[in-house]
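**Q** Pasting the sequence and the predicted model now:
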2 protein chains.
Amino acid sequence: MTIHPLFWLVPIASVVALAAAFTFFKLMLKADEGTPRMREIAQHVRVGAMAYLKQQYKVVLIVFIVLAIVFSFMAYVLKVQNPWVPFAFLTGGFFSGLAGFFGMKTATYASGRTANAARKSLDGGLKIAFRSGAVMGLTVVGLGLLDIAVWFLILNHFYAGEAKALIIITTTMLTFGMGASTQALFARVGGGIYTKAADVGADIVGKVEQDIPEDDPRNPATIADNVGDNVGDVAGMGADLYESYCGSILSTAALGATAFALQPDMQMRAVLAPMLIAAVGIFLSLIGIFLVRTKEGATMRDLLKSLALGTNVSAVLIAIATFGILYGLGLDNWLGLSFSVISGLLAGVIIGQATEYYTSHSYKPTQDISKAGLTGSATVIIKGIGTGMISTCIPVITICVAILMSYLCANGFVLDMTQPGAISQGLYGIGIAAVGMLSTLGITLATDAYGPIADNAGGNAEMSELGEEVRHRTDALDALGNTTAATGKGFAIGSAALTALALLASYIEEVKIAKPELADLSIPEFMDQFQVNLMNPRVLVGAFIGAMAAFLFCGLTMEAVGRAAQDMVQEVRDQFKRIAGILEGKATPDYRRCVEISTRAAQREMIVPSVLAILIPIVTGLILGVPGVLGLLVGGLCAGFTLAVFMANAGGAWDNAKKNVEEGNFGGKGSFAHKATIVGDTVGDPFKDTSGPSLNILIKLMSMVSVVMAGLTVAYHLL
Amino acid sequence: MTIHPLFWLVPIASVVALAAAFTFFKLMLKADEGTPRMREIAQHVRVGAMAYLKQQYKVVLIVFIVLAIVFSFMAYVLKVQNPWVPFAFLTGGFFSGLAGFFGMKTATYASGRTANAARKSLDGGLKIAFRSGAVMGLTVVGLGLLDIAVWFLILNHFYAGEAKALIIITTTMLTFGMGASTQALFARVGGGIYTKAADVGADIVGKVEQDIPEDDPRNPATIADNVGDNVGDVAGMGADLYESYCGSILSTAALGATAFALQPDMQMRAVLAPMLIAAVGIFLSLIGIFLVRTKEGATMRDLLKSLALGTNVSAVLIAIATFGILYGLGLDNWLGLSFSVISGLLAGVIIGQATEYYTSHSYKPTQDISKAGLTGSATVIIKGIGTGMISTCIPVITICVAILMSYLCANGFVLDMTQPGAISQGLYGIGIAAVGMLSTLGITLATDAYGPIADNAGGNAEMSELGEEVRHRTDALDALGNTTAATGKGFAIGSAALTALALLASYIEEVKIAKPELADLSIPEFMDQFQVNLMNPRVLVGAFIGAMAAFLFCGLTMEAVGRAAQDMVQEVRDQFKRIAGILEGKATPDYRRCVEISTRAAQREMIVPSVLAILIPIVTGLILGVPGVLGLLVGGLCAGFTLAVFMANAGGAWDNAKKNVEEGNFGGKGSFAHKATIVGDTVGDPFKDTSGPSLNILIKLMSMVSVVMAGLTVAYHLL
C-alpha cells in the first residue's frame, strides 16, 4: 500500500525528539556536580539504582522469554497468531525498558547537579531539573514514535498486498503495546515496592520514632530511599508513560483500520491520524519546553507561571493543530474528530484540576485531613480514605462526559447503534481523544519527571549537609513539581480509561480475525452472536472477576510494601542498636544492607501480582470465552479506574496534609498533629506510588493480553 | 386466581414465628435485671436508644412522605405506575422499621439481664442473650412473611382476573421491598454513624490517650457507645436483614412469574416456591433454636459447638426440605431448582469460612496484622488494607461459581441464551439460591444479634463495676458471637449479590410493563432492542457511574464518621478538663452531651448519602435510559460487592488483630503494638459497621429504585 506522504512526519518527529533529548542531556552533564561529598552521594545513589535496574531487567527478561515462547507456539504451532507477534512483543518490552533506563540515568546524573545549582539560585535549580525532566519526556515520546514508525514500515512492506492489510498490521502492532505494558507493570510494581519499602521504613523509624528529619544521613535507609525515587518514580514512570503513549496511539490506529474498513481511501488516513497528532505534539511540546524560562530572582509564583505557560501553550497549540492535521489528512469527518480530541483534552484538564483540588493543601479537603490530625492518626486515616473515595466523583463523571462527547462528535451524533459504522467511528473518536490527551507528553512528562529529580536533589543537599537554605530551595522545586504534576496525572489517568475502552474494540476485531466467518459482522451483530449482553451469566461473572482483580492486585502490592517496610524498619532499628554512635553522627550507618533489603523485597514481591495480571484474562478467556473476557475487561476498567483515582488521591492528600502541618498549621513540626499526619503520609505512600499508578497499567495490560490471546481463547474455551 | 393450598403455610409460619418471638421476649423479661446500679445503666441506655430511634424515624418519615407523594404522582397523574405502589412502599418501610424497633427494644431489655445472669454462670448469660437474639431473628422473618402474605392476598383479590395477574402482583410487591430497603439504608447509615462516632471517639480519648479500659464509667462517651451498639448493630441490622429477606423472596417471586409466564400451571407454583422455602425455613430455624442448650459448667468449646449445632442442623434440614417443598409444589424442574438452592447454601458457607479465615486471629492474615503492630500503626493500616483487598478473592469467585451453578441447574444446563426461557429460568435459579441462603435467617440472625447484646452486657458489667470475672464471661460471649456471626455475614453478603442479580431481571420486566408493545420480547431480543451491549457508550458510562457510586457512598459515610468522631473526641477531652475529678472517679461525666453529639451527627450526616443512593439511579435513568440503568446496576453490583467485602473484612481483621494483642501476643495490653493495633481497630470501625454493611443495602436499593422508577425513565430520558 502506498504510504501517505504525511506519514514521514512521524519518524522525523521521533528523531527530532531524540536529538533534543540528547542535547539536553549533554548540556546537563556539563553542569558542575558540586563538592566531593555531593559527588560521592550521587555516585552511591547512581550505583544503587543501576544495580537494581539490572537486577529487575534480569527477572523481567525471564518473563519475556517465557511469553515469547508462548506466542511463538501460538503463532507457529497452533497458528492462532501471526508470525510477527513474538518479535513485536519483545521490542515493545525492550523500548519501554529503555525509556525507563534513559530516564533514570538522566535523573541520577541530574539530581546532584540540581542541588549544586540550587546552592546559587532557585532558578538555576529549576533549569537543570526541568531540562532533565524534558530529557525523559522527549526520550519517551521519541522512542515511542520510532518504534511505531519502524514497525509500521516493516509490516506494511510484508502485508501491503493483502486484503485487510491495515487491520492485520495495526492489530499486530498492538502486541508491541502488550510488551510495553508488561514491562511497565513490572517497572511500576517492582520500582513501587522498592521505593516505598525504603520510604515507609525510613519514615517510621526516622521521623516517627527517632525524630530525625527526612533524608538525614544518620538514617541507614536514606540511600535506599533516594535510590527508590529513581527506580520507582523515574524509571517506573518512564516505562508507564511509554506504555500509555504507545497504547493510545496503537489502539486508535487499530480502531481506525476497522472503523473505516469499508472506505479504503479513508482507512490509511484514519490509521495515520493518531500518529500524526502525536508527531505534531512533539514539535509543540518542544516549543513549550523552550518557553519555560525564568529570570534571575524569580519568585515561586513566577516559576509556577512559567511552567504552566509551557504546558498550557503546548496544549492550546495541539488543540488548534489537530484541526489542521485532520483536515490536511483529508479525513471526511475531520471537524467532528477534532472536537473529539478537544473533549479529551478538556477532560484531562478537568481531572487535573480535580486532582489538584482534592490533594493540594491550598484547599479544604486536605486541610481537613490536617485538622483531623488534632484527634490522632485514626481520624487522619478515616478522613483520608473518605476524601479519596469522594474524590472519584468528578473524574468519573468527567470521563463519562468525555466518552459520550468524543463518541458522538466522531460519529455525527448518532446514538443508535444499528446505524452502520456508528459504533466503530464513535469508538475511534474515543481513542483519538486519548491520543489528544497524551500528545503533549513531551512537556507534561517533563514537569512530572522533574519532581523526583528535585526530590533527590533535596536528599543530596540534606545528606551533604548543605544547609537550610539549599534544602529550602529544593523543597520549593519539589512542591512546584507536585502542583504541575496534578495536571499530568489527570492526562495519564484519563487517557488510560479511554485507551482501555478503545482496546475493547480491538479485542472484538481480533476475535473476528480468529474466526474469519464472522469477519463481516457489525458490532451489534457480533454482540448478538456471542450473546455479550448484561444478562448473560458469563458476562456478569466476568465483570465480577474484573472488579475483584483490581482489588486483589492492589491488595497484593499493598501487602508487599507492608512486608518489605517491616523488614526495613527492623533493620534500621537494629542498626541503631548494633552500630554505636549513629544517632550522634559519629558512626556511618550500613546503607548497603538497606539497599539490599529493598532490592530483594522488590524482586520477590513483584512476581505474583504481575504474573496474575497476565494470567487472569487468559484463564477467564479459557473458561468463559468471549462474553466472559468482555465482562472482565469492563468490570476491571470501571472498578479499576475508580480504585486508581481513590488510591492516588488519598495518597496525595495525606502527603500534602502532612506538609500543611509542617508549614506550621495545627501545631507544626513535632506536634501531636504532625505525628498523626506522618502516619497518614506513610500509609499513603504505597497508595499513590505503588498500587494506584500500577492499576492504570493493569487495566490496559489485561486488555492487551486479551487482544493478543484472543485467537487462543476463541479456539479453546470451557463454557 | 385460585391460590395454591400450600400458600397458607406462609401466614401460618409467620404467625408461629411471631408467637415464638413474643414468648421468648416474655421469658426474657422475667429474668432479674440485677443491682440498682445495673438497672440504672440499662435504663440510661434504653432511654438514649429509644430517643434516638424516634428522632431517626421522624427524619425518615419525611423522606417516605416525599417519596410516597412522588409515587402517587407517578401512579395517579402520569399513570406510569400502578395504584398500589405508594401503599406497598409505605408498608415496606413501616415493617422494616418495626423489625428494627422490636429488635432494639428486646436488646435493651436483655443486655442488663444478660450481665446479671453472667454473674452466676456463662451458661445463664448465653441463654438470655441467645434467646433475645432469637426474638430479633424470629420477629424479622415473621414480620417479613406476614407482610408478603397479606400483600399477596390483597393484590390477588384485585388482580386475580387479569391477564398477567401474577406479573403485576409480584412487581407491585417489589415496591414494598423498596420501602424496606430505603428504611434499612437510613437505619444502617444513621445507626452506623451514631455508633461509630461514639465508639471511635471513646476509643481515641479513652484507650489511646488516657489508657482507661473500654466501657469505663469515667469515659463520658461510654453511654453513647452502648446506645450506639443498640441503634447501629441491633436496630440497623434488623432493618437490614428484613430488607434482605423480603428482597430475595420478592425478587425471586417476580422472576418466577415471568420465567413461567407461558406455563400458567407452573407460574403460581414458581411464585410461591420462594415463600414456601422461607416458611419451612422458619419451622426449621425453631428446631435449631431449641437445639441450642448448654449444661451447667459448659466450656467455651461446648458453647460454640452448641451454637454451631443449631445453625448447621437448620441449614442441613432446609437443604433436604427444599427437595420436598419443590417436589410437593409440583414444579417441573424441582430437582434442578433444589440443586440451585444447595449451591446457594454452599456458597454462603464458603464465604462464611473465608470471612472467618481472613478476620479471625486464629489464622495467619489477622496474626500478621497484629505483628505489623510491632512496627507501628502505619504498617498495621497498610497490612489491613492489603489483607482486606486480597480477601475479596474467595468470596467473589465463590459467588461467580454459585451464579453459574444455580443458573445452569435451574435451566437444565443450557448456556445458549437463544433457547426460549433459558435465561429467565436460569435467573430464577439464581434468585431461589439467594432465598435458600436466607431461609434459616430465624436462627442465623439469632446468633448474629446476640453479639451486640453480649457486648452491651459487657458494657453494663463494666459500668456497674461488677468485677473482672463477669466481664470475662461477657467477653467470652461476645467473642463467641463474633465467630458464629462470620457465617451469618457470609449468607447476608452472598444473598445480596444474588438478589441484586435477580432484580436486574425484574427491572427488564418492569420496562416491558411500561412499554406493552415489547411485552413478548425474549431477554436477548430485549437486549438487542435497547442495545444493552458492552460497546454501547450508555452502558459503559452507566457502569462507570455505578462503580463510582459505591465509592462515593462509602466515602461520604466514612467522612461522616470521621467528622462526628472528631466532635466526640473534642467533647470528651473538654470534659476531662472542664469537670475536675472525672479521671479519679470522683465526679460523674456528662454522658448526656455525648449522646446528643452522636444523635445530632447521625441525623445530619445520614441524609446526603442515603438520598444520593435514591437519586443516582433516577438521574442515570432520566439521562441514559434503559441501557444506562442496566450498566449502572451491573457496575454498582460488581464494584460495590467487592468493596463491601473488602471493607467488612479489613474492619473485622483489625478488630481481632487488636484482640490478639490484648490476649498477650506481641507485647500484650499497653504495649507499642497494642497502641498501633488500636489505631487499626478504630479505623476499622466505620469500615465494618458503617460503610461496609450499608453497601449491601445500597446495591439492592439502587436496583429497587430502578425497578420502581422504570415507568418514568422509559417514558422520559435524554439520550
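**A** Structure's in. What do you need?

**Q** so where's chain A uncertain?
**A** A:1, A:296-298, A:483, A:485 (pLDDT under 70).

**Q** Residue for residue, what is the longest helix chain A has?
**A** Criterion DSSP state H: the longest helix present in chain A is helix A:591-662.

**Q** what's the distance between that one and the middle of its chain?
**A** 12 Å (Cα atoms, centre = their mean, to the nearest Å).

**Q** got the angle for that helix vs helix B:591-662?
**A** Helix A:591-662 and helix B:591-662 meet at an angle of 180 degrees, taking axes from the mean of the first three to the mean of the last three Cα atoms, to 10 degrees as the criterion.

**Q** Let me see the backbone angles for A:Lys586.
**A** phi -90, psi -20 (degrees, to the nearest 10).

**Q** which residues sit in contact with it?
**A** Taking Cβ atoms under 8 Å, 6 or more residues apart in numbering or on different chains as the contact definition, A:Lys586 lies against nothing. To be clear about C-beta, it is placed using only N, CA and C from the backbone, and glycine gets the same treatment.

**Q** before we move on, back to that, give me the angle between the next helix or strand after the longest helix of chain A and helix B:672-686.
**A** Where DSSP states H and E defines the elements, the next helix or strand beyond helix A:591-662 is helix A:672-686. For helix A:672-686 against helix B:672-686, the angle by the same axes, to 10 degrees is 70 degrees.

**Q** Just the CA coordinates for helix A:672-686, please, in PDB.
**A** C-alpha atoms of helix A:672-686 as PDB (Å, rounded to 0.1, in the frame of the first residue of the first chain):
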ATOM      1  CA  PHE A 672       0.700  15.700  68.000                       C
ATOM      2  CA  ALA A 673      -1.000  16.500  64.700                       C
ATOM      3  CA  HIS A 674       2.300  16.200  62.900                       C
ATOM      4  CA  LYS A 675       2.900  12.700  64.200                       C
ATOM      5  CA  ALA A 676      -0.700  11.800  63.200                       C
ATOM      6  CA  THR A 677      -0.300  13.200  59.700                       C
ATOM      7  CA  ILE A 678       3.000  11.400  59.300                       C
ATOM      8  CA  VAL A 679       1.100   8.100  59.800                       C
ATOM      9  CA  GLY A 680      -1.300   9.200  57.100                       C
ATOM     10  CA  ASP A 681       1.600  10.100  54.700                       C
ATOM     11  CA  THR A 682       3.200   6.700  55.400                       C
ATOM     12  CA  VAL A 683       0.000   4.800  54.600                       C
ATOM     13  CA  GLY A 684      -0.500   7.000  51.600                       C
ATOM     14  CA  ASP A 685       3.000   6.200  50.100                       C
ATOM     15  CA  PRO A 686       2.000   2.800  48.700                       C
END
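
**Q** name the helices or strands packed onto the very next helix or strand once past it?
**A** Using DSSP H and E, the helix or strand that follows helix A:672-686 in sequence is helix A:692-715. Other helices and strands packing on helix A:692-715, by 3 or more Cβ pairs under 8 Å, 6 or more residues apart in numbering or on different chains; DSSP states H and E, are helix A:165-202, helix A:237-259, helix A:468-514, helix A:537-578, helix A:591-662.

**Q** in the second one, what counts as buried?
**A** Of the residues in helix A:237-259, those buried by neighbour count under the rule 16 or more other Cβ atoms under 10 Å in any protein chain shown are A:237-259.

**Q** what separates the helix or strand that comes right after it from the chain centre, distance-wise?
**A** As assigned by DSSP H and E, the chain's next helix or strand after helix A:237-259 is helix A:264-291. The chain centre lies 20 Å from the centre of helix A:264-291; the measure is Cα atoms, centre = their mean.

**Q** Tell me the buried residues in the following helix or strand past helix A:264-291?
**A** Following helix A:264-291 in sequence order, the next helix or strand is helix A:300-329 (DSSP H and E). Residues A:303, A:306-307, A:310-315, A:317-319, A:321-323, A:325-326, A:329 are the ones in helix A:300-329 that count as buried (16+ other Cβ under 10 Å).

**Q** Now look at the helix or strand following helix A:300-329 and say if it contacts chain B.
**A** Sequence order places helix A:334-359 as the next helix or strand after helix A:300-329, per DSSP H and E. No - Helix A:334-359 lies out of reach of chain B by Cβ under 8 Å from any Cβ of the partner chain, never closer than 10.7 Å.

**Q** what's the angle from helix A:334-359 to helix A:237-259?
**A** Using the same axes, to 10 degrees: helix A:334-359 against helix A:237-259 is 150 degrees.

**Q** about what we covered before: minimum distance to chain B: which of the helices and strands packed on helix A:692-715 has it?
**A** helix A:537-578 (2.7 Å; Cβ to the nearest Cβ).

**Q** Nearest residue to the residue nearest the centre of chain A in space, ignoring adjacent ones along the chain?
**A** Geometric centre of chain A, nearest residue: A:Asp240, 3.7 Å, by Cα atoms, centre = their mean. Spatial nearest neighbour of A:Asp240, excluding adjacent residues (Cβ to Cβ, 6 or more residues apart in numbering or on different chains): A:Ala184 at 4.8 Å.

**Q** ok, that neighbour - how many residues close by?
**A** When counting by other Cβ atoms under 10 Å in any protein chain shown, one arrives at 34 neighbours for A:Ala184.

**Q** Tell me which of the helices and strands packed on helix A:692-715 sits nearest to B:Val470.
**A** helix A:537-578 (38.6 Å; Cβ to Cβ).

**Q** distance between the closest one and the chain's centre?
**A** 19 Å.

**Q** And that helix, what does it pack against?
**A** In terms of contacts (3+ Cβ pairs under 8 Å, 6+ apart), helix A:537-578 is packed against helix A:165-202, helix A:591-662, helix A:672-686, helix A:692-715, helix B:364-372, helix B:377-390, helix B:393-410, helix B:591-662.

**Q** Could you dump those into JSON lines and include distance to B:Ala115?
**A** Formatted as JSON lines, these follow (distance: least, Cβ to Cβ, whole Å):
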{"stretch": "helix A:165-202", "distance to B:Ala115": "44"}
{"stretch": "helix A:591-662", "distance to B:Ala115": "41"}
{"stretch": "helix A:672-686", "distance to B:Ala115": "36"}
{"stretch": "helix A:692-715", "distance to B:Ala115": "47"}
{"stretch": "helix B:364-372", "distance to B:Ala115": "28"}
{"stretch": "helix B:377-390", "distance to B:Ala115": "31"}
{"stretch": "helix B:393-410", "distance to B:Ala115": "35"}
{"stretch": "helix B:591-662", "distance to B:Ala115": "18"}
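
**Q** closest to A:Met437 out of these?
**A** helix A:692-715 (12.8 Å).

**Q** tell me the angle of the closest one relative to helix A:165-202?
**A** Using the same axes, to 10 degrees: helix A:692-715 against helix A:165-202 is 140 degrees.

**Q** and the longest helix of chain A, does that touch chain B?
**A** Yes - Helix A:591-662 reaches chain B (Cβ under 8 Å from any Cβ) through A:Leu630, A:Gly631, A:Val634, A:Gly635, A:Cys638, A:Ala639, A:Phe641, A:Thr642, A:Leu643, A:Phe646.

**Q** what does the stretch 351-500 of chain A put close to chain B?
**A** Counting by Cβ under 8 Å from any Cβ, the residues of the stretch 351-500 of chain A lying close to chain B are A:371-372, A:374-379, A:381-383, A:385-393, A:396-397, A:399-400, A:403-404, A:407, A:415-418, A:423, A:426-427, A:430.
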